[in-house]
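Chemist: Build me a model from this:
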Amino acid sequence: MSGAAGKRPVIIVAVCAAVAVTVLLVGVSCGGGNRPGARDWQDSFAGAAQGSSLTAGDLEGSSGCTATGRQLLVAGSCAFLIKPFGGAFGLGPPTKRATLVPQQAIDIEVVVEGTRIGQHVDPGKTVPLTFGKSGGQLGVTCLSAGGCAVQLLEAGG
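Modeler: A predicted model of the protein is given here:
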């Protein structure tokens, strides 16, 4: 081996060691340990992992469906498509959540990640919904003549 080529692996190992030591020192000096500030910092990330609210803008209704503001209006039966989300490089919220509150008795069918779930819901009862980044589908069937209205509230609301 020539002199320059023989020194290259040693230089690479030295640079890697320097980076590792720097990361270790920064982690020790800036690490939270059990300090209260670290808990606040970690809680901010935990809050981001909870996801965001599912809104009418996330829904695409079929014929007979209308989603405006915080209300879904259904004429008989329809399906709302929840559009995929996540943003560039999938860095958006991991989930979108909402709470459904029907004003009349309805049957719902939710499709999330390929799993289909059906449920009867009486007026005023709440149904929590959570959709992952690939979106899904929300089917609503009114059990009263003339259509029905469903409130789409923020999760937990």
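Chemist: what residue is smack in the middle of this protein?
Modeler: Central residue of the chain (Cα atoms, centre = their mean): residue 95, 1.1 Å from the mean position.
Chemist: Can you tell me how far the residue nearest to it when sequence neighbours are not counted is from residue 71?
Modeler: Take residue 95 and drop its neighbours on the chain: the residue closest to it by Cβ to Cβ, 6 or more residues apart in numbering is residue 51, 3.4 Å away. Yep, even glycine has a C-beta here, placed from its N, CA and C like the rest. In this structure, residue 51 and residue 71 are 21 Å apart, going by Cβ to Cβ, to the nearest Å.
Chemist: Lowest mean pLDDT among the helices and strands of this structure, which one is it?
Modeler: helix 36-49 (a mean of 50; mean pLDDT, DSSP states H and E).
Chemist: Looking at the helix or strand that comes right after that one now, give me its mean pLDDT.
Modeler: Sequence order places strand 52-53 as the next helix or strand after helix 36-49, per DSSP states H and E. Strand 52-53 carries an average pLDDT of 88.
Chemist: mind listing what's buried in the following helix or strand past strand 52-53?
Modeler: Of the helices and strands lying after strand 52-53 in sequence (DSSP H and E), the nearest is strand 59-61. Within strand 59-61, the residues scored as buried using 16 or more other Cβ atoms under 10 Å are 59, 61.
Chemist: Mind listing residues that contact strand 59-61?
Modeler: With contacts defined as Cβ atoms under 8 Å, 6 or more residues apart in numbering, strand 59-61 is touched by 67, 72, 78-83, 138.
Chemist: tell me which of these is nearest to residue 16?
Modeler: residue 83 (43.9 Å; Cβ to Cβ).
Chemist: Give me the pLDDT value at the spatially closest residue to that closest one that is not a sequence neighbour.
Modeler: Once flanking residues are discounted, residue 83 sits nearest to residue 135: 5.3 Å by Cβ to Cβ, 6+ apart. pLDDT, residue 135: 90.
Chemist: Kindly report the same for residue 130.
Modeler: Taking residue 130 on its own, its pLDDT is 91.
Chemist: and the closest residue to residue 140 other than its chain neighbours, how many neighbours?
Modeler: Nearest non-adjacent residue to residue 140, counting by Cβ to Cβ, 6+ apart: residue 74, 4.8 Å away. Neighbour count for residue 74, taken as other Cβ atoms under 10 Å: 24.
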